[in-house]
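Asker: The sequence and its predicted three-dimensional model are supplied below.
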Amino acid sequence: MSNLISMAPLFLLCVLFPCFSSAAHDYGSALSKSLLFFEAQRSGFLPRNQRVNWRSHSGLQDGKASGVDLVGGYYDAGDNVKFGLPMAFTVTMMSWSILEYRVQLAASGELGHAMDAVKWGTDYFIKAHTEPNVLYGEVGDGNTDHYCWQRPEDMTTDRRAYRIDPSNPGSDLAGETAAAMAAASLVFRHSNPAYANTLLNHAYQLFDFADKYRGKYDSSITVAQKYYRSVSGYNDELLWAAAWLYQASNNQYYLKYLADNGDSMGGTGWSMTEFSWDVKYAGVQTLVAKFLMQGKAGAYAPVFRRYQDKAEAFLCACLRKGYKNVQVTPGGLIFRQRWNNMQFVTTASFVAAVYSDYLTSSRSSMKCPAGYVQPSELLSFAKSQVDYILGDNPRATSYMVGYGNNFPRRVHHRGSSIVSYKRNSKFIACREGYATWFSKKTSDPNTLVGALVGGPDAYDNFADQRDNYEQTEPATYNNAPLLGLLARLHGGHSGYNQLLPVALPPPSKRNPITKKPSPPSSSSSSSSSPVVIVQRVTSSWKAKGRVYYRYSSVITNKSSKTVRNLQLSISKLYGPLWGLTKSGNSYTFPKWVGSLAAGKSMEFVYIHSASQANVSVLKYNLEN
């Protein structure tokens, strides 16, 4: 029966379960609505183009008591705390959605809004990452915040800022934020390359911080334990960040990191049945499987195949064709837990959709214990989950607020449940909100359009009640994977080649791209990536019908120590090179240099008839 539950022909499904017929869903409309939810969750100074007009400015003093500007970012759910871990995961998943389905988002007219949603988060992360090894990971305290029921515009709760640093590490939080910054750098690579480079530099530093100073963030920011405890630890976030940094930089260090640490950190060992803000293994395994299918694994192919086996085990479990399958409701919805179950539905469905396109691109299928699975079956599964969300379920309820005629109207959300500050700016005190607004049985005065609520229980039951926070509270990380899912479904079913690499723009003569190096080797200093390489075209000429370019590459030591034993990787080089010594498959300092003192630079040049070569740092040592 497990074979039939996931992808049986319709007449067999109708024998097994009730069939819920409805008109075809308007995925484009649902996509537009889902993006509005992120605007409703904004903290800080709202921009002039803000479309959710019942919201106003809030949290304008955030960070001030700590001497930093932490205005901005997102409230995670129905409360007014800014939790860094789920916020970063939200931005990573929004970015992944854009990277896979940018064309479809553009065709729907929503690409700009999606990029704005990402940037609202990354602008905040730039502020929160005040030093290479310091990251502010929470503003507000869940305990005091949950004691009050107030609009964000009226907050009187504690807005203390909490941070991680070398003495109080948080590898999971820093790693996820590094992943978000790296993924977002790809989103802006073409439209805003300077901003993309800023994001990538932050990602490099955050990964170094996460990897060197290891520890769980909720041991340092203990007020997060009751709300976003990192049960899975930090190994999954380190692998997740490395995967995104490789995709964003093409730096072989991160590919090697994935290969060297896959077994010890669980990437090749854990067969998952969930993918969430806490547990990233299925996401890592999917990305590494993509690298393998793209032909990028090289000598790491054996270990990458083990990652891929686990990615496919996760999908087999979702299709109920594996050894250990996910639970589903009688109506066919993935069910993992009563509290905000929809988060697991959207992440699993997104992975199924993108993996379907990977398989289609590579003209292959995958094998589950219960038989072979074609790409179309994975996409049909993803579609079935989205359709359930939008109303094809036993209650004929849309769990996206504002979509369809029957959707939750008493959402567990402070802002939407209290009259808009713009309609009535009278201050609402902490407990007054509970007495006056929380207890109301009427519909919310502000419709939280696009919000995906927690959803039904294991038997498809749902109670539309404001105090039923397990089922009626929305969250940003519920919606983030929906961007890609809805764009994919709205865009149709042809013309996909997801395995093509992301095309990077050519370097500008005015704004040469800085190649940020990989983290230092184990024997090097804790200084954050001090070796900077800047490339530029210094001359060009035409010979025998071809244009040749002379590239100047300047290596600068920005640390206070001497760089020794530098090894560079140079690929896509099609001509002669001067100023370095080749040693095997890498390049080192020439014999007459040997080392690079603090603050000093050296140059090497090469000539070929192509865009600049890929130059990256493999390793170096820092010595006094």
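Answerer: Received, thanks.

Asker: dump the residue contacts of the residue nearest to the spatial centre of the chain.
Answerer: In the chain, the C-alpha nearest the mean C-alpha coordinate belongs to T92, at 1.1 Å (CA atoms, centre = their mean). Shown in contact with T92 (CB atoms under 8 Å, 6 or more residues apart in numbering): E176, A179, A180, A183, W240, W244, A480. For glycine as for every other residue, the C-beta is placed from the backbone atoms N, C-alpha and C.

Asker: Could you tell me how far it is located from K296?
Answerer: From T92 over to K296 the distance is 20 Å, taken as CB to CB, to the nearest Å.

Asker: swap in K561?
Answerer: From K561 to K296 the distance is 33 Å (CB to CB).

Asker: Of those two, which one has the most company?
Answerer: Applying other CB atoms under 10 Å to K561 and K296 shows that K296 carries more neighbours, namely 19 against 16.

Asker: three-state assignment of the closest residue to S95 other than its chain neighbours?
Answerer: Counting by CB to CB, 6 or more residues apart in numbering, the nearest residue to S95 once its immediate chain neighbours are dropped is A183, at 3.7 Å. Look at A183: counting by DSSP: H, G, I helix; E, B strand; the rest coil, its state is helix.

Asker: A183 - how many residues pack around it?
Answerer: A183 has 30 nearby residues by other CB under 10 Å.

Asker: what about T556, how many neighbours?
Answerer: Using other CB under 10 Å: T556 sits among 18 other residues.

Asker: For the stretch 151-300 of the chain, just list every one of the helices.
Answerer: 171-187, 193-212, 217-220, 225-228, 235-249, 252-261, 281-293 (DSSP state H, counting those that start in this stretch).

Asker: Could you dump the ones you listed into JSON lines with distance to K321 and mean pLDDT added?
Answerer: Converted to JSON lines, the helices of the stretch 151-300 of the chain look like this (distance: least, CB to CB, whole Å; pLDDT from 0 to 100):
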{"stretch": "helix 171-187", "distance to K321": "29", "mean pLDDT": "98"}
{"stretch": "helix 193-212", "distance to K321": "36", "mean pLDDT": "96"}
{"stretch": "helix 217-220", "distance to K321": "35", "mean pLDDT": "97"}
{"stretch": "helix 225-228", "distance to K321": "32", "mean pLDDT": "96"}
{"stretch": "helix 235-249", "distance to K321": "24", "mean pLDDT": "97"}
{"stretch": "helix 252-261", "distance to K321": "27", "mean pLDDT": "96"}
{"stretch": "helix 281-293", "distance to K321": "16", "mean pLDDT": "97"}
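
Asker: circling back to that earlier point, buried subset of the contacts of T92?
Answerer: By neighbour count, with 16 or more other CB atoms under 10 Å, those hold E176, A179, A180, A183, W240, W244, A480 as buried.

Asker: I'd like these written out as a markdown table, with distance to A313 added.
Answerer: Shown next, in a markdown table, are those (distance: CB to CB, whole Å):
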| residue | distance to A313 |
| --- | --- |
| E176 | 23 |
| A179 | 22 |
| A180 | 26 |
| A183 | 24 |
| W240 | 18 |
| W244 | 22 |
| A480 | 24 |
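
Asker: What is the nearest of these to V52?
Answerer: Comparing these against V52 with CB to CB places A480 closest, at 17.1 Å.

Asker: Run a quick neighbour tally on the closest residue to that closest one other than its chain neighbours.
Answerer: In this structure, A480 finds its nearest non-sequential neighbour in M93, 3.7 Å apart by CB to CB, 6+ apart. Neighbourhood size, M93 [other CB under 10 Å]: 27.

Asker: Of all the helix elements in the protein, which one is longest?
Answerer: helix 84-107 (DSSP state H).

Asker: Okay, angle between it and helix 171-187 too, please.
Answerer: Counting by axes from the mean of the first three to the mean of the last three CA atoms, to 10 degrees, helix 84-107 lies at 20 degrees to helix 171-187.

Asker: The chain should start at 28 in everything you say after this.
Answerer: Sure thing, new numbering starts at 28, so read that last one as helix 111-134.

Asker: Would you indicate which residues of helix 111-134 are buried?
Answerer: 111-129, 131-132.

Asker: again with stretch 154-166
Answerer: For stretch 154-166, by 16+ other CB under 10 Å, it's K154, A155, H156, T157, P159, N160, V161, L162, Y163, G164, E165, V166.

Asker: quick check, the first one in a helix?
Answerer: Right, the one you point to is K154. Yes. When classified by three-state DSSP, K154 is found to be part of a helix.

Asker: list the contacts for it?
Answerer: G90, V95, D96, L97, V98, G99.

Asker: quick one: pLDDT of the first one?
Answerer: Per-residue pLDDT puts G90 at 96.

Asker: cool, the last one as well?
Answerer: According to the per-residue confidence, G99 scores 98 in pLDDT.

Asker: ok, now the third one?
Answerer: D96 carries a pLDDT score of 97 in this model.

Asker: From what I see, it and L87 are in contact.
Answerer: No. Judged on CB atoms under 8 Å, D96 makes no contact with L87 at a distance of 10.2 Å.

Asker: before we move on, back to that, got the CA positions of the longest helix of the chain in PDB?
Answerer: Output in PDB follows, covering the C-alpha atoms of helix 111-134 (Å, rounded to 0.1, in the frame of the first residue of the first chain):
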ATOM      1  CA  GLY A 111      18.500  34.600  14.200                       C
ATOM      2  CA  LEU A 112      18.500  30.900  13.400                       C
ATOM      3  CA  PRO A 113      15.100  30.600  11.800                       C
ATOM      4  CA  MET A 114      15.500  34.000  10.100                       C
ATOM      5  CA  ALA A 115      18.700  32.900   8.500                       C
ATOM      6  CA  PHE A 116      17.200  29.600   7.300                       C
ATOM      7  CA  THR A 117      14.300  31.600   5.900                       C
ATOM      8  CA  VAL A 118      16.700  33.700   3.800                       C
ATOM      9  CA  THR A 119      18.600  30.700   2.700                       C
ATOM     10  CA  MET A 120      15.500  28.900   1.400                       C
ATOM     11  CA  MET A 121      14.100  32.100  -0.300                       C
ATOM     12  CA  SER A 122      17.500  32.400  -2.000                       C
ATOM     13  CA  TRP A 123      17.500  28.700  -3.100                       C
ATOM     14  CA  SER A 124      14.000  29.200  -4.500                       C
ATOM     15  CA  ILE A 125      15.200  32.200  -6.600                       C
ATOM     16  CA  LEU A 126      18.300  30.400  -7.800                       C
ATOM     17  CA  GLU A 127      16.400  27.400  -9.000                       C
ATOM     18  CA  TYR A 128      13.400  29.200 -10.400                       C
ATOM     19  CA  ARG A 129      14.500  32.700 -11.200                       C
ATOM     20  CA  VAL A 130      13.100  32.500 -14.800                       C
ATOM     21  CA  GLN A 131       9.700  31.400 -13.500                       C
ATOM     22  CA  LEU A 132       9.600  34.100 -10.800                       C
ATOM     23  CA  ALA A 133      10.400  36.700 -13.400                       C
ATOM     24  CA  ALA A 134       7.700  35.500 -15.700                       C
END
